[in-house]
Structure formats: C-alpha cells, structure tokens
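Q: no sequence on hand, only this structure:
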C-alpha cells in the first residue's frame, strides 16, 4: 500500500515511512503489520508468528517474501522484526530511499564543536589587533559546521514524511510502532495483540522519536542498527538489527 505524500509526486509505502520515521526496525514492523492485516501471518497469544501458507503466497515485495519465508516455522514476534531489519532486503530499501534523495549519509555531532566556535571568536578578537588572524575565522567556522552533524533523513525525506498519516492500522505502525498510541489507543490493540506480545520489542526500540527534530545521526527503530555508515553500507538502527549489507538509518537528525 502506498501513500501520496507531496504535490510533487513523492510517494511513500508504509515500510518507507517507517524507515524514515525510526529506521530499519520500524520498516520491518510496518511489513509485519501489513502481513497481519492481509491475513498472511498469524500471531499467537504467546507471541509466535506463523505464515498461513508455506510457499510465500501473497507476498508483494521482497521484504514481505523474506518475512514470510522466515515465518514458515513459528518465530518470536521480536525475532522476526529484528531479523528482517537486518536483512539485505531492508538494505535494498535504504538504497532505494537514498537514490530518491530521501536519506543521506549522516554525521555525528561532535562534542568539541563549541570549542571550535570559541576559537573563531578568539580569532575575530585577535584580528582587530593583528588583521592576519581574520583569515582563520572562516576556517574555524567551517569546522564548526562540519562538527555540528546532520540527520540521516534529508529535508526532502522529512517533507514527504510530514504528509503521511495513520489513516489505517498499517500506517499507524509505520509512524508509531506496535507499542505506540494513536488517539490514546495502543496501536497493538488495533491488531488485537496483547501488550505482552508487542512489548517483546526491546525498550530502546519502543522509545518514540520526534518526527520533526533529530539527534544528529542515529537511527531509531526496532532493530539493532544504531549509527549510519556510508552510502553503500552500514546503517544501524536501535536495538538489534542492522540494515544488512548497505544501508543507513531512518528517523531525524541534526541538520541537513
């Protein structure tokens, strides 16, 4: 299921919206939500996920096919989310978002950035005494900007995400996770899942992320990747998964 997000024609599927909101784990949660929604998997009261069919019938994306294959034998709710978040299929999803300009290589915010700004101030003051010192001010300011960090989600990605709404229960998972709430109702309740099941997702993954701000380069979500690497590899999310061979993270960050 896809959702139009901007007048310019940017479209986000539920897993794409999930990835941008909170990283690969949330994308995996969105895929699991869609499989439950379409009746392709069942979740037992004790949190075991099982595919209804043993031949992958009904999968519409490679991520769905991967998850259905894993669920041929009963697997724990949290395990199937984390395993999928670590998969090469989710890594491919990252690369797709990267090619569309919705994610970028993040930079972690440096703790020493304020020292660099202080140096720029001192050089400015020194420049009034000895003008050659002024030449160092632009360099110091450039270093400050580089140390400030930037989000793994681009401005275009954040703009697209603003237009995604929890208009159905699958997108409610994409934006808030199974453990989140929509209009004071637990998202897990929309799927008739016990809280004991949805709380299998690790606490760090359950922590909500602000959709309009960011923290400089980490990826939120129900997976274990937590810092992002290069354009071709190494995303991390937040609790037990990585993006497989080539990915970065979703969810906000500090600056463009």
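A: Received, thanks. Here the structure is a predicted model, which is why all the values come from computation and not from measurement.
Q: in the helix or strand encompassing residue 29, what counts as buried?
A: Here residue 29, judged by DSSP states H and E, is contained in helix 24-37. For helix 24-37, burial by neighbour count (16 or more other Cβ atoms under 10 Å) applies to 24-37. Glycine gets a C-beta too; all of them are placed from N, C-alpha and C.
Q: ditto for stretch 183-200
A: Within stretch 183-200, the residues that count as buried by 16+ other Cβ under 10 Å are 186, 187, 188, 190, 191, 193, 197, 198, 199, 200.
Q: quote the end-to-end distance of it.
A: 22 Å (Cα to Cα, to the nearest Å).
Q: kindly report the same for stretch 48-60.
A: Stretch 48-60 end-to-end distance (Cα to Cα) = 22 Å.
Q: pretty sure residue 42 sits in a strand.
A: Yes - per DSSP: H, G, I helix; E, B strand; the rest coil, residue 42 lies within a strand segment.
Q: quick one, helices of the stretch 1-150 of the chain?
A: Using DSSP state H, counting those that start in this stretch, the helices of the stretch 1-150 of the chain run over 14-22, 24-37, 62-70, 77-85, 88-99, 113-129, 136-147.
Q: pull the most distant pair out of the buried residues of stretch 183-200.
A: The span of the buried residues of stretch 183-200, defined through Cβ to Cβ, is set by 190 and 200 at 17.1 Å.
Q: ok, now which ones touch residue 178?
A: Contacts for residue 178 (Cβ atoms under 8 Å, 6 or more residues apart in numbering) come out as 29, 33, 187, 188, 191, 193, 198, 201.
Q: would you check that the first one makes contact with residue 175?
A: No - using Cβ atoms under 8 Å, residue 29 makes no contact with residue 175, being 10.5 Å away.
Q: now for these two: what residues contact both?
A: By Cβ under 8 Å, 6+ apart, the residues touching both residue 29 and residue 175 are residue 18.
Q: hmm, back to that, by mean pLDDT, show me the worst of the helices of the stretch 1-150 of the chain.
A: Among the helices of the stretch 1-150 of the chain, helix 136-147 has the lowest mean pLDDT, at a mean of 66.
Q: next helix or strand past that one?
A: The helix or strand immediately downstream of helix 136-147 is helix 155-162, counting by DSSP H and E.
Q: buried residues in the helix or strand that that following helix is followed by?
A: Sequence-wise, the next helix or strand downstream of helix 155-162 (DSSP H and E) is helix 169-176. Across helix 169-176, burial judged by 16+ other Cβ under 10 Å covers 169, 170, 171, 172, 173, 174, 175, 176.
Q: which one of the residues you listed is nearest residue 123?
A: Nearest to residue 123 among those, counting by Cβ to Cβ, is residue 175 at 45.7 Å.
Q: would you confirm that that closest one contacts residue 164?
A: Yes - using Cβ under 8 Å, residue 175 is in contact with residue 164, at 6.6 Å.
Q: need the residues touching each of those two.
A: Counting by Cβ under 8 Å, 6+ apart, the contacts common to residue 175 and residue 164 are residue 17.
Q: quick revisit: go through the buried residues of helix 24-37 and name the one nearest residue 105.
A: Using Cβ to Cβ, those come closest to residue 105 at residue 24, 15.6 Å.
Q: right, and that closest one touches residue 89 too?
A: No - contact between residue 24 and residue 89 fails when scored by Cβ under 8 Å: they sit 10.1 Å apart.
Q: ok, the residue nearest to residue 127 when sequence neighbours are not counted - how many residues close by?
A: Nearest residue to residue 127, sequence neighbours excluded (Cβ to Cβ, 6 or more residues apart in numbering): residue 134, at 3.7 Å. Look at residue 134: counted by other Cβ atoms under 10 Å, it has 13 neighbours.
Q: give me the pLDDT for residue 134.
A: For residue 134, the pLDDT comes out at 72.
Q: pretty sure it sits against residue 125.
A: No - using Cβ under 8 Å, residue 134 makes no contact with residue 125, being 10.4 Å away.
Q: now do the phi/psi pair for residue 183.
A: Dihedral pair for residue 183: phi 50, psi 50, per degrees, to the nearest 10.
Q: good, we can wrap up now.
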